[in-house]
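**Student:** Provided below for reference: sequence and predicted model.
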Amino acid sequence: MTALVDEAPAQNLQQTAVVPRPSSAVVVRSAYKQYGQTAILKDLNLTIPTGKIYGLLGPSGCGKTTLLSCIVGRLHLDSGEIKLKGKHISDIGYMPQELALHNELSIKETFTYYGYIFNLSNDVIETRGRELKELLKLPSYSLSLNEISGGQQRRVSLAVAMLHDPKLLILDEPTVGLDPLISQSIWELLLDLTSNEGKTVIITTHYIEEAKQSQMIGLMRKGTLLSEASPTELLTSCNCSYLEEAFLKICQNQVAETNSFKIPVKQPTRRFSYARDLPPPPLLNNTLFTFGRFKAQVCKNIYLLRRNIPFTLFVIFLPLIQTVLFNVACGHDPKHLTLGILNDEPVSQTGTCSLMQTKNCFLDGGVPVSCLVLERLKEKTFELVEYSNSDDGQYAVSENKSGDSFMFRKKLQ
Ligand SMILES: Nc1ncnc2c1ncn2[C@@H]1O[C@H](COP(=O)(O)OP(=O)(O)OP(=O)(O)O)[C@@H](O)[C@H]1O
């Protein structure tokens, strides 16, 4: 078993109860995750109340994205537990840190594609799309994603996460690189969604001060949660005016505690060797086929093919050309192919097959079999060059219609 790095356990300012609150939208208990030999999440506990914005803060590389990926089921925990209030994938809207959109699709086509995935009707997609376009100040519907800026693409990605009106929104750095006014309008939208529509939002951000608008803040460092409290509680308990300052103090306290008491990190209660022993994903999906997804994929492929006419023509006409070439090349008799035949069977005194003989059956001693074969070959398109055995030597030369000479070697007796 790999020893996990020694870190102080999380000091939850607000609550350390193991039993989740009944209204919690997400509960994570004793979460462990490692990549290779490196532990990324270490005994992480986190509780996200329903109907609130939960700001997950922490320095780059502390494991925020890994945690969110485990919550949405993209990654599996090595041990521990994640419980979600929602049971279906459509209860979650996830905006990943890296943009996972098709750059060739237009904004409208992107909405249609993701709308179909979540079984939305065309009318709902149209109405929700227009609302989100307005709210998030998106550019023209007809522009494709590779024609708009990175910030605009992030807003399209946010709109896609919100399109199906999920109960839980998981947003990985939605405001990075955005105009402060647009960032502020996004925060206002999120506040409205939580206070008026009872949605829950988990948001990660590098801008610690903007997270002040969350109702709950989780401070993460090196794979553990240092603190989980409301912004006011954090500021009061640390006696600070700014969250940055409070975060710094909490980190310093953690380092001091680790150094003075050498607090060992709690080891995982269970370690697993086989994939089948891994904790179950938070959302179970037992469906083999979803019509909405199928429709979305077909639709997306049609959009992409429409964008690339030469490729589409190639895809349609290549099988056509292949079929014609196959039919021309295979299954025909070769034309103008000179075929020489050395007939060792005595056929007649003149050494040639007589047409008269073909009237009799060869079993009655009438037509030699070789003559029948030759008759059939003459019906074909070969140019036959015949030579019959007349015992006059070991070689014989003959010519075809074009005047080419052929030499047959007689079989030695
Ligand atoms: N697929 C992977 N294989 C190996 N290591 C990985 C993998 N993905 C992430 N890591 C490592 O896990 C650690 C945590 O990464 P993660 O993306 O969760 O951090 P983060 O807190 O979201 O950082 P940021 O704020 O910069 O996005 C990093 O050290 C990263 O190098």
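**Tutor:** Sure thing, it's come through. Numbering: from 1, shown residues only.
**Student:** C-alpha from now on. contacts and neighbour counts both.
**Tutor:** OK.
**Student:** residue 293 - nearest residue in space that isn't next to it in sequence?
**Tutor:** Excluding the flanking residues, the one nearest residue 293 by Cα to Cα, 6 or more residues apart in numbering is residue 117, at 4.6 Å.
**Student:** pLDDT weak spots in the stretch 251-400 of the chain?
**Tutor:** 258-279, 284-286, 343-367, 382, 384-400 (pLDDT under 70).
**Student:** for the chain, longest helix please?
**Tutor:** Assignment by DSSP state H gives helix 309-329 as the longest helix of the chain.
**Student:** so what touches that one?
**Tutor:** For helix 309-329, the external contacting residues (Cα atoms under 8 Å, 6 or more residues apart in numbering) are 305, 306.
**Student:** what is the distance between it and the centre of its chain?
**Tutor:** How far helix 309-329 lies from its chain's middle: 29 Å, per Cα atoms, centre = their mean, to the nearest Å.
**Student:** partners of the next helix or strand after that helix, with directions?
**Tutor:** Scanning forward in sequence from helix 309-329 by DSSP states H and E, the next helix or strand is strand 338-343. Strand partners for strand 338-343, identified by DSSP bridges, are recorded as strand 383-388 (parallel).
**Student:** how near is the closest residue to the ligand within the stretch 251-400 of the chain to residue 43?
**Tutor:** Of all residues in the stretch 251-400 of the chain, residue 251 sits closest to the ligand, at 15.4 Å by Cα to the nearest ligand atom. Distance of residue 251 to residue 43, computed by Cα to Cα, to the nearest Å: 17 Å.
**Student:** and residue 308, by the same measure?
**Tutor:** As judged by Cα to Cα, residue 308 and residue 43 stand 50 Å apart.
**Student:** more crowded one of those two?
**Tutor:** Neighbours per residue (other Cα atoms under 10 Å) separate residue 308 from residue 43, with residue 43 holding more: 25 against 11.
**Student:** who are the contact partners of the residue nearest to the more buried one when sequence neighbours are not counted?
**Tutor:** Nearest residue to residue 43, sequence neighbours excluded (Cα to Cα, 6+ apart): residue 30, at 4.2 Å. Residue 30 makes contact with 42, 43, 44, 45, 79, 80, 81, 268 under the criterion Cα under 8 Å, 6+ apart.
**Student:** got TSV for these, with distance to the ligand too?
**Tutor:** Converted to TSV, those look like this (distance: Cα to the nearest ligand atom, whole Å):
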residue	distance to the ligand
42	12
43	15
44	13
45	16
79	16
80	17
81	18
268	18
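**Student:** which members of the residues you listed occur in helices, if any?
**Tutor:** Residues of those located in helices (DSSP H): none.
**Student:** the residue nearest to residue 293 touches residue 299, doesn't it?
**Tutor:** No - assessed by Cα atoms under 8 Å, residue 117 is found out of contact with residue 299, at 10.5 Å.
**Student:** look at the two and report which has more neighbours.
**Tutor:** More crowded of residue 117 and residue 299, by other Cα under 10 Å: residue 117, with 19 against 16.
**Student:** and the pLDDT for the more buried one?
**Tutor:** Model confidence at residue 117, given as pLDDT, is 92.
**Student:** how about the residues of this structure by the ligand?
**Tutor:** 35, 40, 59, 60, 61, 62, 63, 64, 65, 66 (Cα under 6 Å from any ligand atom).
**Student:** burial count for the last one?
**Tutor:** Neighbours of residue 66 under the rule other Cα under 10 Å: 19.
**Student:** let me see the mean pLDDT of the host helix or strand of it.
**Tutor:** For residue 66, the element it lies in under DSSP H and E is helix 64-72. What helix 64-72 shows for mean pLDDT is 93.
**Student:** tell me the helices and strands packed up against that helix.
**Tutor:** strand 38-49, strand 168-172 (3 or more Cα pairs under 8 Å, 6 or more residues apart in numbering; DSSP states H and E).
**Student:** and of those strands, who's closest to residue 292?
**Tutor:** For those, proximity to residue 292 was assessed by Cα to Cα; strand 168-172 is nearest, at 20.9 Å.
**Student:** show residues contacting the helix or strand that the closest one is followed by.
**Tutor:** Per DSSP H and E, the first helix or strand lying C-terminal to strand 168-172 is helix 180-197. By Cα under 8 Å, 6+ apart, the residues outside helix 180-197 that reach it are 51, 52, 53, 135, 136, 175, 199, 200, 201, 213.
**Student:** got the angle for helix 180-197 vs strand 168-172?
**Tutor:** When axes from the mean of the first three to the mean of the last three Cα atoms, to 10 degrees is applied, the directions of helix 180-197 and strand 168-172 differ by 160 degrees.
**Student:** buried residues in helix 180-197?
**Tutor:** 182, 183, 186, 187, 190, 191, 193, 194 (16 or more other Cα atoms under 10 Å).
**Student:** what's the closest of the residues you listed to the ligand?
**Tutor:** residue 183 (17.6 Å).
**Student:** and the gap between that closest one and residue 173?
**Tutor:** Residue 183 sits at a distance of 11 Å from residue 173 (criterion: Cα to Cα).
**Student:** hmm, back to that, quick check: next helix or strand after the helix or strand containing the residue of the stretch 251-400 of the chain closest to the ligand?
**Tutor:** Element membership for residue 251, per DSSP H and E: helix 243-261. Counting by DSSP H and E, the next helix or strand C-terminal to helix 243-261 is helix 291-307.
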